[in-house]
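S.K.: Dropping the sequence and predicted coords here.
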Amino acid sequence: MNTKNIENPLSELISDEIFDILDSRGLINKKSVRDYMIRKRFDSLRNNELSAGEAIEKNSKRLSISSIRLN
């Protein structure tokens with residue numbers, strides 16, 4: 001089992017145990033997980049009645065490739 005204790009960013013979709021198993025076998029696509037997190041954050045910002053431009057700007061400040069670590 002994966003001993004790195006990585007937080008499961010897909011907890012709404014799969015259990016932590018399944019995430020750990022998939023990650024330990026190299027079956028988690030980190031770019032896809034990052035993209036999912038960006039879309040989820042964008043939707044949340046849009047639901048708070050921000051314009052698309054404002055939501056994109058806030059997303060780009062908070063989520064970058066280096067800020068999401070799934071190693």
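M.R.: The structure has been received and is ready for your questions.

S.K.: Output the contacting helices and strands for the longest helix seen in the chain.
M.R.: Longest among the helix segments of the chain by residue count, using DSSP state H, is helix 30-47. Applying 3 or more CB pairs under 8 Å, 6 or more residues apart in numbering; DSSP states H and E, we find helix 30-47 packed against helix 52-62. C-beta coordinates here come from the backbone N, C-alpha and C atoms, glycine included.

S.K.: ok, residues contacting the helix it packs on?
M.R.: Identification of contacts with helix 52-62 by CB atoms under 8 Å, 6 or more residues apart in numbering yields 38, 41-42, 45-46, 50.

S.K.: Return the set of buried residues in it.
M.R.: With burial defined by 16 or more other CB atoms under 10 Å, the residues of helix 52-62 counted as buried are 55, 58-59.

S.K.: repeat for stretch 25-39
M.R.: For stretch 25-39, the neighbour count (16+ other CB under 10 Å) marks 28, 33-34, 37-38 as buried.

S.K.: Out of the residues you listed, the closest to residue 10 would be?
M.R.: Residue 10 lies nearest to residue 33 out of the buried residues of stretch 25-39, by CB to CB, at 6.6 Å.

S.K.: got the CA coordinates for the lowest-mean-pLDDT helix or strand in the chain in PDB?
M.R.: Sorting the helices and strands of the chain by mean pLDDT, DSSP states H and E puts helix 52-62 at the bottom, at a mean of 74. What follows is helix 52-62 as a C-alpha-only set of coordinates in PDB (Å, rounded to 0.1, in the frame of the first residue of the first chain):
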ATOM      1  CA  ALA A  52     -15.800  34.100 -15.500                       C
ATOM      2  CA  GLY A  53     -12.800  36.400 -15.800                       C
ATOM      3  CA  GLU A  54     -12.600  36.800 -12.000                       C
ATOM      4  CA  ALA A  55     -13.000  33.100 -11.400                       C
ATOM      5  CA  ILE A  56     -10.200  32.300 -13.800                       C
ATOM      6  CA  GLU A  57      -8.000  34.900 -12.200                       C
ATOM      7  CA  LYS A  58      -8.600  33.500  -8.700                       C
ATOM      8  CA  ASN A  59      -8.100  29.900  -9.900                       C
ATOM      9  CA  SER A  60      -4.800  30.800 -11.600                       C
ATOM     10  CA  LYS A  61      -3.500  32.300  -8.300                       C
ATOM     11  CA  ARG A  62      -4.500  29.400  -6.100                       C
END
